[in-house]
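K.L.:
using only what follows, build the 3D model:
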Amino acid sequence: MFKTNIINSLIHTFLEVLLNFYALFFKKIAKGVEGRKKSFDKIKTSFSKNDKIIHIHCSSYGEYLISEELTANLKKNFTDYKFLLSFISPSGYENANKSLFDCVIYLPLASNKNLKKFYGLISPKITLFIKNEIWPGYINYAKMYGSKVYSVGGNFQNNFFKRRTSYFSYAIKKFDKVFVVNENSKNLIEHYGNKNVFICGDLRFDNVIPDLSEEDEGIISEFIDGKRCIVFGSTWEEDERFILKYINESKRDLKYIIAPHEIGKNCNRIKQKIEKRSILFSEIKLNQSKGDFSCLIIDNIGMLSSLYSYCTLAYVGGGMGKAGLHNTLEPASFAKPVIIGKNYKTFDEARIMIKNGGMISVSNYKEFNNSFEKVISNQEELNRMSNSNSDYFRKQKGAINLILNHIKNQ
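P.N.:
Numbers count the residues shown, from 1 in each chain. So this is what the prediction gives:
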């Protein structure tokens, strides 16, 4: 274990040098580098030695969203604790609800120097690593400083551990408890030496999606204007090739909302390729004739999950290419029929919803067009798919209560 710690520290020391170099050329990396420089100062000003602390670590915004409702419940049960949230990605750091936490930081890279400094400043009582985050250095030091350490919401695949067995195996054994989403993940973690594994299901089923603000709700309602609406969420270029062709060719009197996974230049690129009247959300707020537009492009982060409640039918992106399918549970939580791309086999919820009949997977434009036409024109089919997803979502709740009961009683 000592040898592994040394190697782990050297890797992260080298990584720190490498990231400082790449930060000169890549804005996203630069944000992380600059953010980590402030992490220790933020910890110093936010906590004292006597504080009881719960440290929650997420990789990015997606992992944060999985854990948000769990955090809210932890705060209700651990009222005399302070909460630290850490990220790797700017997407999480910039968009998390900071009011839930006493301190939000970029996680310092796990060199021995940083680890000693981190735990020299604070000694968390409870540490949670969300989803598939395994940080051997942090796990080891957290245990050394008396923290209970949990892995929460992991969905582990065989290929996750390939070539990383020695790097992860001792860390996996150190988790006090591991809460996973399915049987396959449980078997894998037990195989690598930790028998305190519990199937909790997917935390996303317990998440509460916030309503839009009164102003934004009014804007969306005026735009939709009582018509049927399709929301295309978390789209990539591979998805958008089909989406834009469908919108441009469709003769139906529909409303379309597109929320690309990456905003910035992508929003204007999409707008330029749409032949129907389209507008960015940042522009429509100032426009008086919102109902005159056919397509609304969302150029902000944070609205998408709520927008699914306004649609008749949803398309969730990422599965048409190799990016990875995005969150299909958000539209399902509103009992919406869902269409996705072809790459979904590693996503349990997608496989189940397809089997149940609430979701359709498409591989090419012909299937894409036929599926949308079949569903959008048939109220009976819309109702059947909606009911299927509603039933599935309702039956999967309960992960947060299971996790809380374990943490409170340990």
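K.L.:
switch to C-alpha atoms for all contacts and neighbour counts from now on
P.N.:
Fine.
K.L.:
which residue lies farthest from the center of the chain?
P.N.:
Lys251 (34.8 Å; C-alpha atoms, centre = their mean).
K.L.:
phi first, then psi, for it.
P.N.:
phi -100, psi 0 (degrees, to the nearest 10).
K.L.:
go on, the one 3 residues further on?
P.N.:
According to degrees, to the nearest 10, the main-chain angles of Leu254 amount to phi -120, psi 160.
K.L.:
surely it meets Gly226?
P.N.:
No - if you go by C-alpha atoms under 8 Å, Leu254 and Gly226 don't touch, sitting 9.9 Å apart.
K.L.:
so these two - more neighbours on which side?
P.N.:
For Leu254 versus Gly226, the count of surrounding residues by other C-alpha atoms under 10 Å is larger for Leu254: 17 against 11.
K.L.:
for that one, give me its contacts.
P.N.:
Taking C-alpha atoms under 8 Å, 6 or more residues apart in numbering, we find Leu254 in contact with Lys227, Arg228, Cys229, Ile230, Ser294.
K.L.:
need the buried ones from those selected in PyMOL.
P.N.:
PyMOL command restricting those to the buried ones, with burial defined by 16 or more other C-alpha atoms under 10 Å:
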select buried, resi 228+229+230+294
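K.L.:
so which of the contacts of Leu254 is the closest to Asn73?
P.N.:
Ile230 (33.4 Å; C-alpha to C-alpha).
K.L.:
dump the helix or strand containing that closest one to CSV, restricted to CA.
P.N.:
Using DSSP states H and E, Ile230 falls within strand 229-235. What follows is strand 229-235 as a C-alpha-only set of coordinates in CSV (Å, rounded to 0.1, in the frame of the first residue of the first chain):
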residue,chain,number,x,y,z
CYS,A,229,-43.8,20.7,-28.4
ILE,A,230,-40.7,18.4,-28.8
VAL,A,231,-37.7,19.0,-26.5
PHE,A,232,-34.4,17.8,-27.8
GLY,A,233,-32.1,17.7,-24.7
SER,A,234,-28.4,17.4,-24.3
THR,A,235,-27.7,17.1,-28.0
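K.L.:
which secondary structure elements does that strand contact?
P.N.:
Other helices and strands packing on strand 229-235, by 3 or more C-alpha pairs under 8 Å, 6 or more residues apart in numbering; DSSP states H and E, are strand 255-260, strand 313-316.
K.L.:
what would these look like in a markdown table with mean neighbour count, distance to Ile279 and mean pLDDT?
P.N.:
Output for the helices and strands packed on strand 229-235, formatted as a markdown table (neighbours: other C-alpha atoms under 10 Å; distance: least, C-alpha to C-alpha, whole Å; pLDDT from 0 to 100):
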| stretch | mean neighbour count | distance to Ile279 | mean pLDDT |
| --- | --- | --- | --- |
| strand 255-260 | 24 | 10 | 98 |
| strand 313-316 | 26 | 19 | 98 |
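K.L.:
any idea of the mean pLDDT in the strand holding Ile230?
P.N.:
Strand 229-235 shows a mean pLDDT of 97.
K.L.:
strands paired with that strand, and their directions?
P.N.:
Next to strand 229-235 in the sheet, as set by DSSP bridges, lie strand 255-260 (parallel), strand 313-316 (parallel).
K.L.:
what's the closest of those to Tyr192?
P.N.:
strand 313-316 (34.0 Å).
K.L.:
low pLDDT regions in this structure?
P.N.:
Residue ranges of the chain with pLDDT under 70: 1-26, 161-167.
K.L.:
can you pull up the most central residue in it?
P.N.:
Most central in the chain (C-alpha atoms, centre = their mean) works out to Gly62, at 1.6 Å.
K.L.:
pretty sure it contacts Asn95?
P.N.:
No - applying C-alpha under 8 Å as the test, Gly62 and Asn95 come out as separate, 10.3 Å apart.
K.L.:
ok now stretch 221-239, how far from the chain's centre?
P.N.:
Distance, stretch centre to chain centre, for stretch 221-239: 20 Å (C-alpha atoms, centre = their mean, to the nearest Å).
K.L.:
neighbouring contacts of that stretch?
P.N.:
Under C-alpha under 8 Å, 6+ apart, the answer for stretch 221-239 is 243, 253-262, 290-293, 296, 304, 307-308, 310-321, 323, 326, 341.
K.L.:
repeat that with 7 Å
P.N.:
Outside stretch 221-239, the residues within contact range by C-alpha atoms under 7 Å, 6 or more residues apart in numbering are 254-261, 290-291, 293, 304, 308, 311-318, 320-321, 326.
K.L.:
tell me which residues in it are buried?
P.N.:
For stretch 221-239, burial by neighbour count (16+ other C-alpha under 10 Å) applies to 223-224, 228-239.
K.L.:
equivalent analysis for stretch 245-252, please.
P.N.:
Tyr246, Ile247.
K.L.:
what about Glu381, neighbour count?
P.N.:
16.
K.L.:
quick one: it is in a strand?
P.N.:
No - counting by DSSP: H, G, I helix; E, B strand; the rest coil, Glu381 falls outside a strand, being helix.
K.L.:
offset the numbering so it begins at 13, please.
P.N.:
Sure, I'll start counting at 13 from here, so that last one is Glu393.
K.L.:
wait, it touches Val387, no?
P.N.:
Yes - contact criterion C-alpha atoms under 7 Å: Glu393 and Val387 qualify, at 5.9 Å.
K.L.:
distance from stretch 356-370 to the middle of the chain?
P.N.:
18 Å.
K.L.:
before we move on, what about stretch 277-289?
P.N.:
Computed by C-alpha atoms, centre = their mean, the chain-centroid distance of stretch 277-289 equals 26 Å.
K.L.:
with stretch 123-141 instead?
P.N.:
25 Å.
K.L.:
nearest to Ile296 among the contacts of Leu266?
P.N.:
Ser306 (11.9 Å).
K.L.:
thought that closest one was touching Lys288?
P.N.:
Yes - assessed by C-alpha under 7 Å, Ser306 is found in contact with Lys288 at 6.3 Å.
K.L.:
picking up where we left off before, as JSON lines, the strands paired with strand 241-247 with distance to Ala154 would be great.
P.N.:
Below are these laid out as JSON lines (distance: least, C-alpha to C-alpha, whole Å):
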{"stretch": "strand 267-272", "distance to Ala154": "38"}
{"stretch": "strand 325-328", "distance to Ala154": "38"}
